[in-house]
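Participant: Any chance you could fold what I've pasted below:
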Amino acid sequence: MSSFRKALKSRQKNHHERSQPAFRKHLGLLEKKKDYKLRADDYHKKQNTLAALRKKALDKNPDEFYFKMVNSQLKDGVHVTKKGQEEAEVTEEQKKVMRTQDIKYVEMKRVAEAKKIERLKGELHLLDAESKQKNKHTFFVDSKEEVQTFNLASHLRTAPELVDRVYNRPTLETLEMKSIQGAVQPHIIKKLARQRKHQYRILSQRIDREKKMFVISQKIQTRKDLQDKTKKVKVKKETPNAAAIYKFETKRKS
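Facilitator: Predicted coordinates for the structure are as follows:
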């Protein structure tokens, strides 16, 4: 029982960390264990960094060379390119090659988008497209009385709610089948409608992207043509949706 009595917190003495003695107050605060830990960790971190840099310098290849070693200098601890050592200006011939490569890259991306658009159009058939031309279905009757009493739903043998559909318009006989009624549920129809709407949104975005790439390709080609021909007259300004139009002087080829 004596051991338990000694372990009671109520009988234990509170140990306080020693403060700075009065005759040493002029030396500042007395360093505690937590202060020493921070100072020691910082010291060891710096020593490890120096050791790693020393090892990197010893392992460095003496024949290694970069032009930045002689073309740059340290300024406030940051590498800055020396004045007069900047890269030479790109020549006109190099600009033509670069623009040719840009055109090829943009055209490659545009063709890829066009193929994706055709594949999406083949999957969706543009059934719900707003810009799609409305189909016309003409029914012929024998007399004017039949025109006035003509009922489209009864003629197509379908429900009146399904008359406006351009696709998936089942007949009354099909709707009466138990298998069809059991398969077609409202939540499934709503889910399919959301998926179809999402696909149409993706198709619209791809069409816009393909148009933008075509405009970018035209603008790059125009800038490339301006390098070869000197005498030119601007016919139309450049817009976000179209490239500028120039009229060049005709030259007779010998």
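Participant: contacts, neighbours, all on C-alpha from now
Facilitator: Fine.
Participant: where does residue 48 land on pLDDT?
Facilitator: pLDDT, residue 48: 97.
Participant: Could you list the low-pLDDT ranges of the stretch 101-250 of the chain?
Facilitator: Across the stretch 101-250 of the chain, the ranges flagged by pLDDT under 70 are 125-135, 164-168, 175-176, 178-186, 189, 229-230.
Participant: Tell me where it has helices.
Facilitator: Using DSSP state H, counting those that start in this stretch, the helices of the stretch 101-250 of the chain run over 144-148, 152-156, 172-176, 178-183, 186-228.
Participant: just these: most buried one?
Facilitator: Of the helices of the stretch 101-250 of the chain, the one with the most neighbours on average (mean count of other Cα atoms under 10 Å) is helix 186-228, at a mean of 15.
Participant: Relative to the whole chain's centre, how far out is that helix?
Facilitator: Distance, stretch centre to chain centre, for helix 186-228: 14 Å (Cα atoms, centre = their mean, to the nearest Å).
Participant: Same question for stretch 12-23.
Facilitator: Distance, stretch centre to chain centre, for stretch 12-23: 62 Å (Cα atoms, centre = their mean).
Participant: Do me a favour and get the end-to-end distance for that stretch?
Facilitator: Counting by Cα to Cα, to the nearest Å, you get 31 Å between the two ends of stretch 12-23.
Participant: Now that stretch: average pLDDT?
Facilitator: In this model, stretch 12-23 has an average pLDDT of 80.
Participant: now the residue lying closest to residue 196 once chain neighbours are set aside: how far from residue 202?
Facilitator: The shortest distance from residue 196 to any non-neighbouring residue, by Cα to Cα, 6 or more residues apart in numbering, is to residue 124 (7.8 Å). Distance, residue 124 to residue 202, by Cα to Cα: 11 Å.
Participant: cool, and residue 19?
Facilitator: Residue 19 is 72 Å from residue 202, where distance means Cα to Cα.
Participant: Residue 53 too?
Facilitator: Counting by Cα to Cα, the gap from residue 53 to residue 202 is 53 Å.
Participant: again, but for residue 93
Facilitator: Distance, residue 93 to residue 202, using Cα to Cα: 40 Å.
Participant: Please apply the same query to residue 146.
Facilitator: Going from residue 146 to residue 202 by Cα to Cα gives 45 Å.
Participant: can you check residue 235 too?
Facilitator: Noted for residue 235: a distance of 36 Å to residue 202, by Cα to Cα.
Participant: So residue 79 belongs to a strand, correct?
Facilitator: Yes: judged by DSSP: H, G, I helix; E, B strand; the rest coil, residue 79 forms part of a strand.
Participant: ok, for it, nearest residue in space, not its chain neighbours?
Facilitator: Distances taken as Cα to Cα, 6+ apart place residue 73 nearest to residue 79, at 5.5 Å, with adjacent residues excluded.
Participant: what comes up buried for stretch 149-167?
Facilitator: Across stretch 149-167, burial judged by 16 or more other Cα atoms under 10 Å covers 153, 158, 163.
Participant: For residue 113, state which of these is nearest.
Facilitator: Nearest to residue 113, judged by Cα to Cα, of the buried residues of stretch 149-167 is residue 163 at 35.9 Å.
Participant: so how far is the helix or strand containing residue 41 from its chain's centroid?
Facilitator: Assigned by DSSP states H and E, residue 41 belongs to helix 33-58. From the chain centre to the centre of helix 33-58 is a distance of 42 Å (Cα atoms, centre = their mean).
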